[in-house]
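Asker: Coordinates for the following, if possible.
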Amino acid sequence: MVKVKQNVFIYAGVAGSGKTTLMKAFAKRKRLTHYDILTVMKPYLKKYGHVTEKNKLILDEIVQKYVQSFSRKKFDILELVNAKYLPLIINSLKGRAITIIYCKAPLALCQERNKQRL
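Answerer: Purely as a prediction, here's the structure:
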């Protein structure tokens, strides 16, 4: 029998759907630790700028490094925009209970929120 370690909450959804807002409120209320992919992504953003169609293979490399770093980090919450990587992330969390929270909002609202961020 596999002993289940503590739960990991994965917040997923498109940019502007409210993932970060909900995740931060939940983390604060429950005193949980968030491991942000931006900690791995920052050197890439400095070098390549934002991920676009031209450099999207860079995102694969970033996510691989992010997942490989899980064993060295203590965290309760992950945030995920691209569901393409969900199977990889779930597989890397073997032995941990996983709860996925999918954040959904109308496209127009997500677009408006993203415009406000620029």
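
Asker: Next, find the distance separating residue 103 from residue 31.
Answerer: 21 Å (CB to CB, to the nearest Å). Quick note: C-beta positions are derived from backbone N, CA and C, even for glycine.

Asker: Low-confidence stretches in the protein?
Answerer: The chain contains residues with pLDDT under 70 at 1-5, 51, 53, 118.

Asker: 50 - rerun?
Answerer: 4 (pLDDT under 50).

Asker: ranges for the helices of it?
Answerer: 19-30, 38-48, 57-68, 86-92, 107-117 (DSSP state H).

Asker: higher neighbour count, residue 103 and residue 31?
Answerer: residue 103 (18 against 7; other CB atoms under 10 Å).

Asker: contacting residues for that one?
Answerer: If you count contacts by CB atoms under 8 Å, 6 or more residues apart in numbering, residue 103 has them with 11, 12, 13, 17, 18, 19, 22.
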